[in-house]
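Peer 1: I would like to see how this sequence folds:
(chains A and B)
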Amino acid sequence: MSSPLDPDDALRASLREAHEALDPPAPSFERLWSRAQSGARAGRTGPSRPRPGLRWALVTAFTLALLTPLLLPRLGSLLPGSQQENPTLMSEEEALRFAEDLSAWGSSLEFLDQAPGLELFDSFPQIYQLPRSFGDSLTVEMN
Amino acid sequence: MDAPSLDAEDLCTEIERLHEQSFAWSLICCQGNRAEAEDVLQTTYLKVLDGRARFAGEGRLKTWLFAVIRRTAAGLRRQRVLREQLLSFAALFRRPSPAVRNPEEEAWESERNQQLRHRLSRLSPKQRQVLELVFFHELTIEQAAQVLGVALGTARIHYQRGKKRFAESLRAEKEGYELTARSG
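Peer 2: So this is what the prediction gives:
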């Protein structure tokens, strides 16, 4: 049994009083229900919301607007005929000529690399084939 | 009503029976904004009618309906905040219109009502919602947690703290009355 000072009862009474005093009267159920029914028949999603189709169209348009600058260069290279228009591609003959030109090219400062003794690096040294003069002296010493 | 399955007619009857309470709960979810509460309730009914909100027969219909109302209110509030943010720039150039109050509003703002408002305003929105669900709508704390979409422990904390704060404000009011009576 609860006393009049029971905090739960006081809270309950206070909330009831607040609702009675402060709440505006509820709208009639029939009005809201019939509005909702007509909204459901018309395929609407609420009193102030756009249709889902329209919402999805907006989302798609926004996404496409964001992705278009990223995807356009890639899509362009996949289109037929885009390879002929690409200036970086050349025919086989042109490529061979270009390779020949490249290999024939010489630097104007190439002479700086011509240091004395550089010929030693152009061939592999042969073991047991010493210079003739060096071999003769060796033979003499062994005898 | 705890019936496991309801046909459309029964559902309509039950929802009609709960209409007043649903509106009171919708008002709480909309911080007392009547027009918004009406919108929320209408959208909730629309969700029920077009099948977006379906009662599966688990638990009480009232718990389910209140949860749908809370979610709908939260969704509409998000939309409203977004709209207000978009329009806030335009509002900078608009001259504020003087607030006009009708006699009905004046009547609501009587001293007693101000006290009631003040008492309730001391509670946080979640505390107020839990206390409303438990003490006004007669739900259990577990059902209140389901309606609010929070864990039972969280709902218990809101419940305890809300009760404590409410008791403090009642005590403060009582002391104020006694002081006035003694001085008078």
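Peer 1: tell me the first helix or strand C-terminal of the lowest-mean-pLDDT helix or strand in chain B.
Peer 2: Using mean pLDDT, DSSP states H and E, helix B:103-108 stands out as the lowest-scoring helix or strand of chain B, at a mean of 58. The C-terminal neighbour of helix B:103-108 among helices and strands, as given by DSSP states H and E, is helix B:111-121.
Peer 1: so what does that next one touch, helix or strand wise?
Peer 2: With contacts defined as 3 or more CB pairs under 8 Å, 6 or more residues apart in numbering or on different chains; DSSP states H and E, the packing partners of helix B:111-121 are helix A:7-22, helix B:152-183. (Glycine included, C-beta is placed from N, CA and C.)
Peer 1: mind redoing it with 10 Å?
Peer 2: helix A:7-22, helix B:103-108, helix B:125-131, helix B:152-183 (3 or more CB pairs under 10 Å, 6 or more residues apart in numbering or on different chains; DSSP states H and E).
Peer 1: residue B:20: neighbour count?
Peer 2: Using other CB atoms under 10 Å in any protein chain shown, residue B:20 is surrounded by 14 other residues.
Peer 1: okay, now the domains of chain B?
Peer 2: With domains defined by automatic domain parsing, chain B comprises B:1-91, B:110-184.
Peer 1: using the three-state scheme, assign residue A:25.
Peer 2: Using DSSP: H, G, I helix; E, B strand; the rest coil, the structure places residue A:25 in coil.
Peer 1: output the longest helix belonging to chain A.
Peer 2: Identified as the longest helix of chain A according to DSSP state H is helix A:52-78.
Peer 1: output the helix or strand following that one as CSV - backbone C-alpha positions only.
Peer 2: Heading C-terminal from helix A:52-78, the first helix or strand you meet, by DSSP H and E, is helix A:92-104. Provided in CSV are the C-alpha atoms of helix A:92-104 (Å, rounded to 0.1, in the frame of the first residue of the first chain):
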residue,chain,number,x,y,z
GLU,A,92,56.1,-1.0,-86.6
GLU,A,93,58.3,0.7,-89.2
GLU,A,94,58.2,3.9,-87.4
ALA,A,95,59.2,2.2,-84.2
LEU,A,96,62.2,0.4,-85.8
ARG,A,97,63.4,3.7,-87.3
PHE,A,98,63.0,5.4,-84.0
ALA,A,99,65.0,2.6,-82.3
GLU,A,100,67.8,2.9,-84.9
ASP,A,101,67.9,6.6,-84.4
LEU,A,102,68.2,6.2,-80.7
SER,A,103,71.0,3.6,-80.9
ALA,A,104,73.0,5.8,-83.3
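Peer 1: what does helix A:92-104 rub up against?
Peer 2: Here helix A:92-104 makes contact (CB atoms under 10 Å, 6 or more residues apart in numbering or on different chains) with A:89-91.
Peer 1: what's the answer for stretch B:141-150, then?
Peer 2: Under CB under 10 Å, 6+ apart, the answer for stretch B:141-150 is B:25, B:29, B:58-60, B:62-71, B:74, B:126, B:129-134, B:137, B:139-140, B:151-160.
Peer 1: confidence score at residue A:77?
Peer 2: pLDDT, residue A:77: 66.
Peer 1: quick revisit: and chain A, which of the contacts of stretch B:141-150 contact it?
Peer 2: Subset of the contacts of stretch B:141-150 in contact with chain A: B:131-132, B:134, B:137, counting by CB under 10 Å from any CB of the partner chain.
Peer 1: so where's chain A shaky on pLDDT?
Peer 2: A:1-5, A:44-52, A:76-88, A:128-143 (pLDDT under 70).
Peer 1: residue B:132 and residue A:117: what is the separation?
Peer 2: Computed as CB to CB, to the nearest Å, the residue B:132 to residue A:117 distance reads 100 Å.
Peer 1: ok, the two, which is more surrounded?
Peer 2: residue B:132 (24 against 6).
Peer 1: for chain B, give me the ranges with low pLDDT.
Peer 2: For chain B, the stretches with pLDDT under 70 are B:1-6, B:89-110, B:177, B:179, B:181-184.
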